[in-house]
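J.: A predicted structure for the sequence below; I have some questions about it.
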Amino acid sequence: MSWITAFLAAIGRAVMGGLALIGRLAIYGGQTLSHVVRPPIYLKEILQSLLNVGYFSLPVVGLTAIFTGGALALQIYSGGSRFNAEAVVPQIVAIGMVRELGPVLVGLMVAARVTSSIAAEIATMKVTEQIDALVTLSTHPMKYLTVPRVLAGLIMVPVLVGVGDIIGILGGYVVGVKSLGFNASAYLQNTFDFIETRDVVSSLVKGAAFGFIATLLGCYYGMNTGRGAQGVGRATKSAVEAAAVLILAANFLLTSIFFTI
């Protein structure tokens with residue numbers, strides 16, 4: 001029976017640790033949002049973060065979206081041909097990209113690129129005592145480091161999601177017209193006819209939520225890193241893992257809210 005007790009104890013520790021982490025993240029997120037509306041505002045840091053999160057993420061987001069849209073068109077055509085339903089390719093590609101694949105893929109790309117970068121940068125600053133130097137200079141680390149990055153995530157990731165949705169639909173359009181024999185104007189017409197306003201709204205809301213999660217976790221793990229190079233590595237790895245899991249969990253929750261009520 002001792003191994004059963006040890007097994008249950010390990011499960012209990014994991015659950016309690018997860019709940020404690022969620023609590024710490026909630027407190028950290030609340031503190032971050034409270035600092036957003038209070039001066040001072042570090043405009044230069046905000047603009048730099050907007051570039052890092054948004055503009056410099058465009059290449060990877062665009063490539064991911066266009067290949068995903070093309071592959072989705074091929075898969076739907078192949079599956080639909082079994083039921084003589086090849087004509088639904090434009091509609092399913094549009095709805096699939098806007099509702100689900102666009103926001104999730106962009107969120108995961110941002111987690112891979114931005115969360116890791118933020119966590120490594122802030123963790124290195126913590127290890128090399130640069131954050132202590134900010135405190136010495138009467139600069140609040142959360143105001144100077146966390147708030148600009150989280151604001152950039154909230155603003156720019158929905159923009160990236162919108163761009164990714166468009167490029168993904170374009171990828172499906174190119175494959176549908178050039179490889180699958182669809183009429184170009186009919187493909188576009190079917191695409192626009194089957195996208196509703198709430199599809200676009202849900203996509204952008206998901207983008208804002210995923211951007212908040214990705215940047216907040218990068219800052220949190222960077223601020224709470226261990227010592228030395230190993231601590232920086234662990235903080236970066238943990239930030240990306242946690243961001244990816246929470247993005248997928250948030251996607252399920254938001255999808256349930258938007259499309260099952």
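T.: Sure thing, it's come through.

J.: helix/strand/coil for residue 182?
T.: Assigned with DSSP: H, G, I helix; E, B strand; the rest coil, residue 182 falls in the coil class.

J.: with residue 208 instead?
T.: helix.

J.: hang on, it packs against residue 158?
T.: Yes - contact criterion Cβ atoms under 8 Å: residue 208 and residue 158 qualify, at 5.0 Å. Any C-beta I mention is one placed from the backbone N, CA and C, and that applies to glycine too.

J.: which one of those two is surrounded by more residues?
T.: Neighbours were counted for residue 208 and for residue 158 using other Cβ atoms under 10 Å; residue 158 has more, 22 against 18.

J.: any idea how far the more buried one lies from residue 95?
T.: Distance of residue 158 to residue 95, given as Cβ to Cβ, to the nearest Å: 19 Å.

J.: do the same with residue 210
T.: According to Cβ to Cβ, residue 210 and residue 95 sit 19 Å apart.

J.: got it, and residue 169?
T.: For residue 169, the distance to residue 95 - Cβ to Cβ - is 10 Å.

J.: tell me which of these two has more neighbours.
T.: Between residue 169 and residue 95, counting by other Cβ under 10 Å, residue 169 is the more crowded of the two (28 against 18).

J.: packing partners of the helix or strand harbouring that one?
T.: Following DSSP states H and E, one finds residue 169 within helix 147-178. Using 3 or more Cβ pairs under 8 Å, 6 or more residues apart in numbering; DSSP states H and E as the contact test, the elements touching helix 147-178 are helix 2-36, helix 43-53, helix 58-80, helix 89-96, helix 102-110, helix 184-193, helix 197-223.

J.: winner for burial among those?
T.: Mean neighbour count (mean count of other Cβ atoms under 10 Å) peaks for helix 102-110 among the helices and strands packed on helix 147-178, with a mean of 25.

J.: residues in contact with stretch 77-91?
T.: By Cβ atoms under 8 Å, 6 or more residues apart in numbering, the residues outside stretch 77-91 that reach it are 73, 76, 172-173, 176, 180, 182, 186-188, 190-191, 193-194.

J.: farthest-separated two in those?
T.: 180 and 193 (18.8 Å; Cβ to Cβ).

J.: rewinding a little: between the helices and strands packed on helix 147-178, which one is closest to residue 140.
T.: For the helices and strands packed on helix 147-178, the distance to residue 140 is smallest for helix 2-36, at 7.3 Å, taking Cβ to Cβ.
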